[in-house]
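# Show me the folded form of this:
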Amino acid sequence: CPVMGTLNAGQAEVFDYKGVRYFGCCAGCADKFSADPEKYIRAASLGQSPIGLALYDPVSRMRVKTMPNLPNMTFHGVLYTFENSEDEARFQAQPESFVAAPDKEVLHCPVIGVDTNEPGSAPSYFDADGMRIYLCCYGCINPTKFHAAEYTKQAKATAVKASVHIVTAADLKKEAETFR
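Residues are numbered from 1 along each chain as shown. Sure, this is the predicted structure:
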């Protein structure tokens, strides 16, 4: 738990912040974390045990699930999982270049115009102009690669300060069905 600094055996509260999932040990941890997430992340990242689980491969920016056959490593208190060993090697060479997350987020897909609501439900994202722009579906990934400037401009209208998102049981169920 990033708030209490304890190893967490359960999932009393689950919450996401800037593409990383955190598990609170008891009711109230999410509220405390939400008040000053950077404070808790800084303090907890000094420890040896991971305090968060990255939802995305930081190199490919694709949603991944932690699985025994996928390469992973802990960096600054976050367990990162990679789609392949090449992404892991690129990350190991320059981890700081992959972990910085913008202070603003966009939960409205600029390609189709659909709200993603919960960042953990997005299959991918791209960072541009100080924003993390979450995409609603796999079909939106290629258009943003070829027309990033256009979609970045559209996204600015819906950018908000990055915030903590409480993950519900329904969110977890939907993710389990979507990201197998």
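# Low-confidence bits of the protein, can you list those?
Scanning the chain for pLDDT under 70 picks out 7-10, 47-48, 180.
# what's stretch 52-66 in contact with?
With contacts defined as CB atoms under 8 Å, 6 or more residues apart in numbering, stretch 52-66 is touched by 2, 16, 19-23, 41, 70, 72, 77-83, 87, 90-91, 98-99, 119-120, 122-126, 179-180. For glycine as for every other residue, the C-beta is placed from the backbone atoms N, C-alpha and C.
# if we go to 6 Å?
19-22, 78-83, 87, 90-91, 98, 120, 123-125, 179 (CB atoms under 6 Å, 6 or more residues apart in numbering).
# Kindly report the same for stretch 82-100.
Identification of contacts with stretch 82-100 by CB under 6 Å, 6+ apart yields 57-60, 71, 75.
# So the most centrally placed residue in the chain versus A27, what's the distance?
Central residue of the chain (CA atoms, centre = their mean): G19, 1.1 Å from the mean position. Distance, G19 to A27, using CB to CB, to the nearest Å: 24 Å.
# and what of A148?
According to CB to CB, A148 and A27 sit 41 Å apart.
# now the strands for the protein?
Ranges of strands in the chain, per DSSP state E, are 13-17, 20-24, 52-54, 72-75, 78-81, 104-106, 124-128, 131-135, 160-161, 165-166.
# Mean neighbour count, those: which tops it?
Highest mean neighbour count of the strands of the chain: strand 131-135, a mean of 26 (counted as mean count of other CB atoms under 10 Å).
# so what strands line up beside that one?
Here strand 131-135 is paired, per DSSP bridges, with strand 104-106 (parallel), strand 124-128 (antiparallel).
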